[in-house]
Structures are given as structure tokens and as C-alpha cells.
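Enquirer: attaching a predicted model along with its sequence, questions to come.
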Protein chains: 6
Amino acid sequence: MRNKALHVHTFIGCEEPYSEARTVLFGVPFDGTTSFRPGTRFAMQAIRPDSYGLETYSPYLDKDLEDTAIFDGGDLELPFGNTEKVMDQIHEYSLDVLMDGKKFLMVGGEHLVSLPAIKAAYEKYPDLHVVHIDAHTDLRQDYLGEELSHASVIRRCHDFLGDGRIFQFGIRSGLKEEFDWAKKHTYLERFSLDTLKEKLRGLKDVPVYFTIDLDVLDPGVFPGTGTPEPGGITYKELLDAIIKFQELNQIVAADVVELSPQYDPSGASTAVACKTIREMLLTLVD
Amino acid sequence: MRNKALHVHTFIGCEEPYSEARTVLFGVPFDGTTSFRPGTRFAMQAIRPDSYGLETYSPYLDKDLEDTAIFDGGDLELPFGNTEKVMDQIHEYSLDVLMDGKKFLMVGGEHLVSLPAIKAAYEKYPDLHVVHIDAHTDLRQDYLGEELSHASVIRRCHDFLGDGRIFQFGIRSGLKEEFDWAKKHTYLERFSLDTLKEKLRGLKDVPVYFTIDLDVLDPGVFPGTGTPEPGGITYKELLDAIIKFQELNQIVAADVVELSPQYDPSGASTAVACKTIREMLLTLVD
Amino acid sequence: MRNKALHVHTFIGCEEPYSEARTVLFGVPFDGTTSFRPGTRFAMQAIRPDSYGLETYSPYLDKDLEDTAIFDGGDLELPFGNTEKVMDQIHEYSLDVLMDGKKFLMVGGEHLVSLPAIKAAYEKYPDLHVVHIDAHTDLRQDYLGEELSHASVIRRCHDFLGDGRIFQFGIRSGLKEEFDWAKKHTYLERFSLDTLKEKLRGLKDVPVYFTIDLDVLDPGVFPGTGTPEPGGITYKELLDAIIKFQELNQIVAADVVELSPQYDPSGASTAVACKTIREMLLTLVD
Amino acid sequence: MRNKALHVHTFIGCEEPYSEARTVLFGVPFDGTTSFRPGTRFAMQAIRPDSYGLETYSPYLDKDLEDTAIFDGGDLELPFGNTEKVMDQIHEYSLDVLMDGKKFLMVGGEHLVSLPAIKAAYEKYPDLHVVHIDAHTDLRQDYLGEELSHASVIRRCHDFLGDGRIFQFGIRSGLKEEFDWAKKHTYLERFSLDTLKEKLRGLKDVPVYFTIDLDVLDPGVFPGTGTPEPGGITYKELLDAIIKFQELNQIVAADVVELSPQYDPSGASTAVACKTIREMLLTLVD
Amino acid sequence: MRNKALHVHTFIGCEEPYSEARTVLFGVPFDGTTSFRPGTRFAMQAIRPDSYGLETYSPYLDKDLEDTAIFDGGDLELPFGNTEKVMDQIHEYSLDVLMDGKKFLMVGGEHLVSLPAIKAAYEKYPDLHVVHIDAHTDLRQDYLGEELSHASVIRRCHDFLGDGRIFQFGIRSGLKEEFDWAKKHTYLERFSLDTLKEKLRGLKDVPVYFTIDLDVLDPGVFPGTGTPEPGGITYKELLDAIIKFQELNQIVAADVVELSPQYDPSGASTAVACKTIREMLLTLVD
Amino acid sequence: MRNKALHVHTFIGCEEPYSEARTVLFGVPFDGTTSFRPGTRFAMQAIRPDSYGLETYSPYLDKDLEDTAIFDGGDLELPFGNTEKVMDQIHEYSLDVLMDGKKFLMVGGEHLVSLPAIKAAYEKYPDLHVVHIDAHTDLRQDYLGEELSHASVIRRCHDFLGDGRIFQFGIRSGLKEEFDWAKKHTYLERFSLDTLKEKLRGLKDVPVYFTIDLDVLDPGVFPGTGTPEPGGITYKELLDAIIKFQELNQIVAADVVELSPQYDPSGASTAVACKTIREMLLTLVD
């Protein structure tokens, strides 16, 4: 007992050493381009202790974190006020993990953190496809002049992925021109996930990255986020989607972003993030 | 730059001057007869800044506030402890706006504010019909002896509108005698909005006033209100109703009431109010 | 006026003296085995004043608390740090009420409080059946070595009830071995209440005890609880279940547990508990 | 046990029946003229349960509530939106208590509730003097046209008490004209209680009413109030003042007003109110 | 009435047009380099409405905002994630105001906003001296590699002001090397403001800029800030300091920074900021 | 990088391995006998991340955590509902640390956790003296029949320490009989720490254990605790006391208890705990 901590503060059930791990969980406490309400930097700090309110076993997937090999890598330590340096650090860590032959689940932070992680996945898997579940289009060319913005992240991914690689679901907010742009360059389903199952069928054997902005959920279920957008999906609908992900053969990495725990003092939003992370980890371990 | 404010604090996209405006938005920070938990006086104070978390474009109605002519008139400045004077001030402002040939969207405050606004609309449009969406009947003859009460507001409207003019939806709370009284004097659908579409068909060409008490929503979606009543409708159901309003030809005014923002520190309830206001403003601009 | 209090703080509509009452409401402010987030001890303290935000009339059941004979017995005063003594006090009070020919509705507190109450009901009604509505299995043999735990309460009930007497609904969290154990010893429906109606049919004429852990509800509806578990049922689904309870002929007692009001500053969770208590009281008065 | 409640919810140590009591505690849940942030209606609802976090014994006064005869009369049930009726009900109850030969401690609600209570005390004791401890002058002739306002309450008392009867301490906010008016009509000490001891000496043998607006305290100590005004006194300074009150021979009644518990989720403001009430009750029992 | 807003949302008593104003108030909603807890971007949004809980008259200075000519310029609209652009915008606006012969009071935002404002003041007044009241040294050469940081702001001011121009008071947190550096380059009083009066004497006739980081106050008084540091000064001590500022003859501008209103749901911290702003505005109008 | 966590979550500056450490920090998340408001179990979970809002350097003691050898041992993992087992686990760990020749700082949890830790210190140092800083006497023989209670902890320590070994300061709440008992068996200063310096002189060369219940602080400074008791000391007074501790030659261990972080959403109470822990760690490192 004496030469180690009494209790290790990882996400529940993720205590494998890096070298043995098949999957790596890590946090990115960055909210530097958040335009409305910041706070996603605190997500992982809330998620780790609250994950102990969950069981390690998922009755949905009939799998248990105890039976997996996941390393909780902690959080990147990032500078403040310098977006480009932050992008570089995320990119470097993501690429290292992939190059070591592991998958990763990154937890934001704001949505811009997905850009360097998807870039890294694309560098390893040039045929990468991205499934994007969100309330917002995130397709702006820039936001108040800045091209690196949480409101532009998917547009920036398109810069290198190109047409036909991005599949967006649940979208219910954006500029008119973003919806128009999407018609030509991405697949975009408005308001719901109804066509997800069908679209996944086409992605069965290509490398896929999932980016889940939790604000796709109705704010009734997930109020703890920077830009709550009423009219979202239920948690059961999100769970059903994740169950469908199991059909794919090449999920290479994923992220879960936009929990701002301090806006929801009940902890229910953090519980939503924890459960989504558990289900996504169990999805990534195969 | 020097002779004007750096940033004007109106509701998003409502910066038309009064003289050019077709529609007027104004706030009534009154909660003087609230029997349980006060605080609706703070609604507009929360709504204006938080409206910038929304886009001006509605993908539901495919309309944009940027393409409309709406004046945000600010808030009435009201005395405290004198309900009758408050009623007079609301009535005067509402009537002025209508007499200038404009429509209005009033934001409460508590539900009693609808009484003088509906009265004004009735004075201009004697054939006025009222669509009332709410958790509560609001049909008491009086509350602890007071006839001017948020629990009596629709009954007071009936005093001048009479039978056959009031259509109530979503109602799930009231005295037994209120439900009984409604059977003879109003149309009242319990628990849901299922018959709304059919009833609107009959109102297609008469002047209609919409009064939306946001507590019709389930408290899971809208906890920031004085009297949360579990078992309400989802936000998608409310949105669907508003989409159906577009069929009408003579919407003359509307109100959205009963946000008490301080009861929901997450801001999700305020987001619900903001989005409902945006959709209702876009409904009123035609 | 002078020899009595100005306003009596009971649950709304429960002012019958004990001797005349047919049904007894009482609170058990105990959260001593709560493993994650304590606070259910404050439930009744929040419920009583907030019950005045409700009406006494239920439009769902078309019954009114004003027409019933219910005694609000207040709360048990319990020691701290001694679980066995707490069990004894609950057992004694529950049994007294039943032996006086009355029914009871107990309000927790954490779920362990159900154990001595169900024991008391079983002592009076040896053929007792239990309907358990919850997010969690509560079937552990022990929790960190303690056999008296909120995570073991239903398992402890099985110790004396035996197989075939316990019916579990809405369960979405537990150890794999709990789900496996349930297959042999209880009826357990995962995730929803879909089979409740059918199962109630078989319980029509036997003595039944209902134990409702409010965390069966989705945390969007009921965030004010110690262990929020996303993906739960809606409040309308719970209401529908309670309406179905009316078919039974021998409901002998019930409990409603696991409100932790301080985790939901909006009061919406407390409103959920209040309304559920009203409906359950109206269920118990027949 | 069976014919009474398990636990009576009075203020701690105040369980004497009215007929035997020497002192009466009662609450007035009124905030109808509050101009800034309402919520004092909830004060007593928070104070009663939280009083059990206190001991009944005061080491400052070396007295114990257990040795006194105090009746907790509950709260007045008041109409909403009709200030004059509220004034009448408070006046009637206050006068009844005094005419029965008892003293009272009234707990607000907002400060306007002191007006009818002081009026009642003046009717029984025409030589009444008032000691007013507050952050605000409360000497406006009217507020937005209303003469019955929390900002006018001491001015309204002056209407019948006249010059030389009102002693104000701790005042740090008001209109310039209120400070000027006070120079001629009341004794007013700005910012502190330094002259209190000396002034009390002159009041030793006349009937005195204490009205304590808790916002005299620094918001650091007492943030749970409608209009926090930085730069106030410490709690030790208020305690010292109350200790000095013991020198007086004719304290006839008192009030403690302006706790708005919901603005202070820590409960520290409620604890301040509870302790002040305990000390004032022990001051009134002699 | 019809061609203007019903109620203009400026800071209380600051409704002079720019052209007539002697003093300009403006907000800078920037928290981009905040390392611990963001949220100062919301300061002005909370301050303006809450300023109406104050009076316009200061009994400390015996001056009234109603007798002054102050323009509330609103808030700068800033990009996200690009610190240098933000610095430029603040600098440009500050310099414009000074060049128009007016003084300004800037409200943050985090402390880094002081850098461009002090730079502008220095450009107009090359003999500028800075009085810095704060809990933190703010003298780091860089923070995680970034030279533009709230933890470096006074060090960056020293880059152009040089030795002998900066006077720091109330400092109680910093690196050992910052305290050491200060010994050679600034005047720094630890823990209190005791030497302020004496130091001000030497600044009587030189141009002075005041930068007040409100976290100099004890967190008991001012919890609503990003980095609360226990052991600070009382509000009366800060008020006394501001009263002493009146002796100076050349106060050219000032700022008040680091309110993060969302961390203090009581609003007491916002009240502290409002009152400080009122006193500072009354200090700047001479 | 790849075989270790990105960021280790210890208390700031406490990253020494156990074997090299001179001092051990550990947490005890226990609140099982808390009678009023539970939640101290969450203290360490809030303290560790918030400690990064502090610097490692103390300008009060002119010492730096970076120059020390402290191991953060994490938290004990404890059963629920079994007070005796909890006592045993704390006792075992505390004794192990002392027997390894190290000092410890234990962080509660509620005050009962001090009992087994003081017992362990007493077993190693039979001449142990205890300095107890608290708002409450904690001298009850039992609480509702339980002898192991946070309200009895110092009385239980007296059971083995005997007369003349316990020095209590700042006490302002208790039963009359506790104050009376103290006169014979402990040294007890009411309300303040004024005699601390003098008493420490007598303890200069004996083994001393400090137990600091943070509720000795005024709730204005430290609202985040189970039983806030107004009228406490300021943070500067507590700091001054800790500075005086440096005079002692045999401090063997210490504890800091009763932070309940969730009652203070501002985090100011957690900051108070963090700073106190930093100063106490620097006191314990010699």
C-alpha cells in the first residue's frame, strides 16, 4: 500500500498501463474559441469522479469495462490564449496514439478540439470518413474573422477530407448559407438521426471517426453545455445510435465534446457524458 | 462610432426603428400576483443577452430575423404592489402598437399580463379568438379573494370575449370546478396538443391571439418557471404547434409568459424562451 | 385563532387526524448508506412546502385529496451512523400503522428504507408481492462488505419473500451478475415499463406493495437524485403506470424514494416527487 | 405516538402552546413591493428547518430557548397583489398578540411588513420608540408613486410616531434628500453602530420596538437578500448590538426582515437569520 | 414614446450622449487568457441590470451620478481565440476616448485588458503612473510560454513604463521570483493597503491610472471571481482607499476587472462591482 | 510520455513518492454521522483540482511546496453505513504513516475522522497534546444515543487523553453542559483565538496535533460547510494562528475538516481549504 496512491483517479474501469492498452482515453480542457459560454475545460475534471456513479457493465452492449484494456491518459496541459499551439499539441498526441496501433477516445473541451484529432486520423487513414452528431452545422468559413473556431470545425475538416466524407445528423441550428453549403458538400440530416442506420450501412468497411457534440441532445437532457439548443434528441435516441455503431468494422477513433459541467449543478449532464463515454469506449475496444 | 453605443442590447435581429417596424417586441417584468415562486420579472433581462446564443435563421420555418422589420421596444417600467396600474400601462402600450397598424409579441412576466394585452387586441378586433397553450386552466373566479390573478387570467378574458372564443391546449392542472366550467365555456384539450391542428382549421380567417404559457412544457425541458407541473409536452411538440400556426391568415398579436430564469441556472429554460420568441416573431411578421 | 398555528405544514390535503385516517403519509430522512451523493434526508423538507404548488385534484385519476382521509405523520427522527437502529424504527412505525388497519405511503430517504417497511407489510400479509420500479437492479449481495445497502435492498427483500414475488421494471443499471441472478429469482424488465400492464393482471387479487425509486425517470425529468442514470422513462410513462395500478384490489402500502432536492435548484425534481406522491396517495385511498 | 405528528416543525425550542406563551414568533411571507429581487416570502420556510442546525443555548446571553415559553404561530396566509389587505392582516394579528399581554417577534418578508406591526405596537404603547438597523434609509415619500413600499416604511412610521422617536443605525444607502430629511426628523448614524450604546441609554425605560433589516450586514456575511449593499457591518458587530439591547427594560416587540434564502444556496444567510432570531427571542423573553 | 426604447439599459445614471460626456464607461468582455476559471466576459452583462439595485447618490463621497455627464458606451465586440486582435481593439477605443479629451472607466473582463488601456493612457500621458490594487503580483515574464497573460499584465506594463511608476497594494499571491523582482522594479505592499495614503501623497500632481482587480477583496466579500484568494481586504478598506483617491489632481482613467458573476449566484459580488464602479465614476468626473 | 498520465491529479506540489516523503497528505471522504447537512465526503474531490488556483509559494511563511517532500496518498476507500469499520481504516493508515517516521495531514470528511487519527498519534506519542480550533465544542457524551458522532469527537479524545491535554479555541456553539464540562476538563476559549499565542508557549516542546474544523471561520468566509455558525473568525485571524504554530518544535500531525464544497458553488470555501492545507503542509515539513 505504501508506495502507491490509495485510490487512482481515472475514469472508471480504465486502469490499464499504456503499453498494454488497446484504447486510450484522454481529455482536452480547451474552450478558447467558445463564443457564448465557456467552461468545457472543466469537463474531464467532473467526469472522472462522477464516472464512479456508473457501473462498468453496459446492459445495452452486454460488455464490461472490466474486460477491456483501456488507458486513461489524463489531460493535455495547454497554453491559454494561443489557439494554434493548442491544435499542435492535440495533433501530436493523437497521432502518437494511432501510430502506436491504438484507438483513442478524446473528451473535450469545445468542438474545435476535433479538428487536429481528425487530421491525425486522416493522416493515418487517408480514406477516413467522419460521422458528426451535433445540434449545430459547424460549417462557417470563419467566426468574427477567425477560421479556427468551434463554429467552423467541420468546415475545416472538409478542407482536407473533401466532399462525400462527412455525414452530419441531428443538426438544428446554423446560418442559412451553412445549410445551403451542406447540400453540396456533406450529407446532412436535419433535426433527427432517422437516416443514420441506412448511412452507416455504407460505411461498414471504411475507416470511420465519430465526433459527438453532446448538445445534439435536448437541453432538457443535457443542459450543461455552452450553447443549449432546444428541440434536440432524447438520450434513448443517442443510445440507439451508439448501438448501431457496433455494425461497423473500422472505427478508428472518436470524440465526445461540449460538456460544460458547471452549468448543470445537478450533475445530470455529467452523467450523460459519463455514460456516453462508457458506451463509446466499449464500442472502440473491439 | 463615437456617438452611439458599441453594442445595442436588443433581442437578436430586432433592431428596426419603431416607425419602420411591422412588429413590436416588448417585455413586461411583472410578477405581482404570482402565488408560489416569483421571478418572472427577470425574464427579459435574461432573454436579451442569451438570444445571442441563437442564430437568426429558423430551419423550421426557413425564415430569418435578418429579413424582417422588428422593433425591440424594451420593457415597461412598472410600479410595485399596485396591480391595477400595471394592467393600465400594459393595455395602453399594447393598444398604441395595434392602433399604429403593427403586431406585437409581448414577453412576460407572469400570465396575468396577457389580460390587458388581449383586451387591447379585442378592442381593435372585436371578433378576436384566443389560443391558450398552458399547463394550467387559469379559469378561477378568484384566488384568495383577488380577481386579478395569474390563476384567473383566462376567466377574466372570458368576461369580455364570451363563449366559443377561447381554445385551450395542454392543460393538466386545475380545480375540478375549473375543468367542469371549461366544458361549457371554452374548448379545452387535456394533457396534449393533439387536436390543435384541427381546431386551427376553424380559425383560419378570424383574428387570433396566441398566449403561450411556457409551463405547458415538461419541467424536464423548462424547469425555470414558478409552478413546474410534471407530465408536460416536449419542445418538439411545441415547435410542431408553432409550425402549424403558419396556416392562419390573421394572427394579430401573441405573448410568451412565465419564464423565471433564476430557477434554472443552466440557462436551458431561457434558451427555450428565446427560441420560442424567435419562432413566434417569425410567425408574426407575415 | 389564538390557540393554534396560523398555517399547518403538512403535505397538501393531508390534514386528517390519525385516528380518523385511512392512509398515513410519513417521511424517513435517511441516507446513511448512500454511496455516491447523499441528500435524500432533505426530501420531505422540500416536498411539504412545494406540495402547495400542486392542486389537490388529479385530472388523471379524477380524484381529489380533499375528499380523502389522510394523516401526514411527519418524519421519523433517526440516529446518525447506526443503520440497524434506523431499520428498527422504520419497521416499528410501519407495522403499527398496518396493524391499526391503515395503509401507508412512506417517502424516503434512500432506497434502503424500503426494506423494513416491506418486511412489516410481509409480516401482516405473508402473501405479499412487490412491484419495484427503478433504474437500478438493487440486487447486490453486499456493497463494500455491507449487506444493508441501498444497492442491496431488493436482494434483502428476496431473503424473506423468496422467488416469484418480486417484479422489477425500468431497470437499466447493475452488475452483470445481478442481471444474471434476476433471471432465476425475480421478474425483471430492462429499460422500460412495457410489460407492466400484463404483469399487473396477475397481481390483481394479491396483496401488493409498490416501491418507486424515482431515478427510474430520465435525469432530464428528475435530476435531483443521488445517482442519475441517463436513458430513463418519461414522466408520462410513470403516470401511465400509476393509472394502471388502479386495477389492483389489494394495494397495502407503497413508498417513493431517492429525491435529493438540493441537486436540483429548479425545484422541478421536487415537483415530480410531489405529483407522484399525490397520485400514489389517491391510489392508496380506495 | 399515534395521535400526533412524529416531528413538529416549529422554530427550534418554540413549542409552547399559545395560551402559556409569553412571546409569540410568527412569519409574514410577503414581498409584494420588493422593487429589485423578490423572494423574502420564502424566509420562514427556510428558517424553521435550518434552525435545527443551531443549539437552543446562547453562549453570548447565557440563556437557553429550552427555559423559555415561546409559541411559534406559523405564518400568515396572505393574498397576492393587494398590499392594503396584507397590511390589515399583519396589523390585526400583531395587535391581538399584544392585547393578550404577550410580546412578539415577527419575521419577514420584506421591510414593509414592519409598518402595521409597529402601528399595532404604537396603538398599545403610545410612547413607542423605534430602533431601526438597516443598510437603507427607507425614508422615501413614495416609490414610483406608491406610498406603501419597502423603501418608504420608516417614513410611513414617522407619519404617526413623529419626530424624536426613530433611531436609525448602519445606514449606507439612500437618496440625498432622504439623508437630508433625516437630519430634521430622526436620529441617523451612517455606516456603523458606534453610537448605539449611547442612544440606548436614553431609551432605557420607554417602550421600544426593534426592526432589524438584515441587509445592514455586509453582503459577504449575508448575501441572501433582495438588495445587497456592500460595506456593511460584521456579524460580530450585530451580535454586540443585540447584547446591548439587554439593558433596556421595555422591549415590546421586534422584527427581523429581508432574508431571501434562495439567493444564498449555501444556507449561510439563513443561518444568520436563525441565530439573530434566537438571540432576539432570548432578548424578548424577559 | 414610440420612436424610442421603453427603458434604456445603461449603467444607472450614465445616460449622457458621447459628445456631451466628460467620462466614458465601457465594457470589455474578454477572458481569453484566464488560466483557472473563465467567465469575466459576463461581467458587464450582470453589472448593468444590477446597477439599478444601487442608488445614484454616494453618501461616502457626497456626490450623485445624476449630477455628472457620463456616457455608457456599451461593450466592445471581440473575436474569440486571438489575443492580439483583442489588445488592438481595446487600445484603439481607449485612445480615441482620451484623445477626445475625456476620461474613461473600463470594466473587464480579465486583467489582461488593462494592458492596452494603460498603453493608450501612457501614449497620451508619458509621465503616467499606475496604482495597482490586486491579490496577485501579475509580474510573470510569461505563463506557460505566453507573454500576453492575465498573470503577466503588470510586467508587460513595466516593459514601457519602467521602474518607479508602478505602485502595487494588497498583494498576497505570486511566485517567489515575482516578489523578488518587485523589490527592484515596483513598489509592492503585501497583504494590505496600509501605505496607500502615504504613497498617494507623492502622486498628487502626476497623471495616474488606477487598475483595480476586485480579487484584492477577501473571497468572503467577493467570491465571484476566477481565482479567489483567501485573506483579502474588506470592502470598507477598499472604500476607504477610493475615498483617498479624491486627493489626486490628475486621475486620467481607471479600470475595474475580474468579476465573474456566474460563480456567485447571490449577486453580492456583482453588487460589489457595481458600487465600486459608481464610486470610481464619481472619482473620475472631477 | 507514453507510459505515464499526461497530468497527475495530486494536490499542487505534492508529487514525492511515499518512500522519499517526509509528510503524507491523505483524504478521508466520510460524513456518516453528520447530523445536519452531509457532503464533506466531496471535499478532497474539490480540493485537488482547485489547488491549482493557488501558487506553491506562501508569502506568509516564505516557504514553497516545491522545496518540500510531500506524498499525496489519495483517499481512503470506505464502506457506507458502518462507522466502526471506518474508524478502523483511518486508524490503521494513520498509524502506518507515523510508524514509518513520517508526519501526516489528513483532510476530512467530517470531524469524527479526527478520533482515530488522534488515537494513532497518541499511541506513538503518549504525551500528545491536541489543539482544537472549531466553532463547536464537540464535547457531547453522545448524539441521539450514538457515542461515535461528529458532535462527540473531542469528548472521545478526552476518554484516552485525559485532562489538561486539550486546548480549544474559537468555540461559539454547544450545549450549556458542554461549556460547563469544559471548565473542568479542557482549556476552552470562547469566540476568538486571542489566547492562542500564550497557550502555544506552553506547548513548545511537547508533541502536538492540530485539528482545524474550518467552520471556526465566519460563514461569510467559509459557507461551504455542514453547520454554518455566524459570528466566526476572519481568514486573516486563522492565518495569523497558523503563523504562530511555527514556534512549536514537535508538531506530529494535523487535520483540516468539514469542507462541504457543494454548499458553496463559488468555490471560495474550497479555496479557503486549499490555502489552509498549503500553510499546514508547510508547517508540517519542518
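Expert: Yep, it's here. In this text the structure is predicted, and so the values were computed from the model without any measurement.

Enquirer: now the helices for chain A?
Expert: According to DSSP state H, chain A carries its helices in the segments A:43-50, A:83-99, A:114-124, A:153-161, A:176-185, A:196-202, A:235-245, A:268-284.

Enquirer: just those: most buried one?
Expert: The highest average neighbour count among the helices of chain A, using mean count of other CB atoms under 10 Å in any protein chain shown, belongs to helix A:268-284 at a mean of 26. No exception for glycine: its C-beta is placed from N, CA and C like everyone else's.

Enquirer: what's the closest of the helices of chain A to chain C?
Expert: Chain C lies closest, by CB to the nearest CB, to one member of the helices of chain A: helix A:268-284, at 3.7 Å.

Enquirer: that closest one vs chain E: in contact?
Expert: No. Judged by CB under 8 Å from any CB of the partner chain, helix A:268-284 and chain E are separated, with a smallest distance of 15.6 Å.

Enquirer: quick one: that helix to chain centroid distance?
Expert: In terms of CA atoms, centre = their mean, to the nearest Å, the centre of helix A:268-284 is found 10 Å from the chain centre.

Enquirer: please see if that helix touches chain C.
Expert: Yes. Counting by CB under 8 Å from any CB, chain C is contacted by helix A:268-284 at A:A268, A:A271, A:V272, A:K275.

Enquirer: give me the pLDDT for the third one.
Expert: Confidence at A:V272, expressed as pLDDT, is 98.

Enquirer: just the first one next, same as before
Expert: The predicted structure scores A:A268 at 97 on the pLDDT scale.

Enquirer: for it, list the residues it contacts.
Expert: Neighbour list for A:A268: A:V221, A:F222, A:P223, A:G224, C:P219, C:G220, C:P223, C:P228, C:P230 [criterion: CB atoms under 8 Å, 6 or more residues apart in numbering or on different chains].

Enquirer: now, of those residues, which are buried?
Expert: Those of the contacts of A:A268 that meet the buried threshold are A:V221, A:F222, A:P223, A:G224, C:P219, C:G220, C:P223, C:P228, C:P230, by 16 or more other CB atoms under 10 Å in any protein chain shown.

Enquirer: please flag which of those residues sit within strands.
Expert: Among these, no member is found in strands (DSSP state E).

Enquirer: tell me the one of those residues nearest chain B?
Expert: So of the buried ones among the contacts of A:A268, ranked by how close each gets to chain B (CB to the nearest CB), first place is A:P223, at 3.5 Å.

Enquirer: including distance to A:I154 and pLDDT, could the contacts of A:A268 go into TSV?
Expert: Listed next are the contacts of A:A268 as TSV, based on distance: CB to CB, whole Å; pLDDT from 0 to 100:
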residue	distance to A:I154	pLDDT
A:V221	23	97
A:F222	20	98
A:P223	24	98
A:G224	22	97
C:P219	29	98
C:G220	27	97
C:P223	30	98
C:P228	30	97
C:P230	25	98
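
Enquirer: ok, and of the buried ones among the contacts of A:A268, which contact chain D?
Expert: When CB under 8 Å from any CB is applied, no member of the buried ones among the contacts of A:A268 is adjacent to chain D.

Enquirer: which one among these gets closest to chain D?
Expert: C:P223 (15.3 Å).

Enquirer: does A:D213 touch A:E110 like I think?
Expert: No. Between A:D213 and A:E110 there is no contact under CB atoms under 8 Å: 9.2 Å.

Enquirer: of those two, give the one with the bigger neighbour count.
Expert: Between A:D213 and A:E110, counting by other CB atoms under 10 Å in any protein chain shown, A:E110 is the more crowded of the two (32 against 27).

Enquirer: thought that one was touching A:S35?
Expert: No. Contact between A:E110 and A:S35 fails when scored by CB under 8 Å: they sit 9.6 Å apart.
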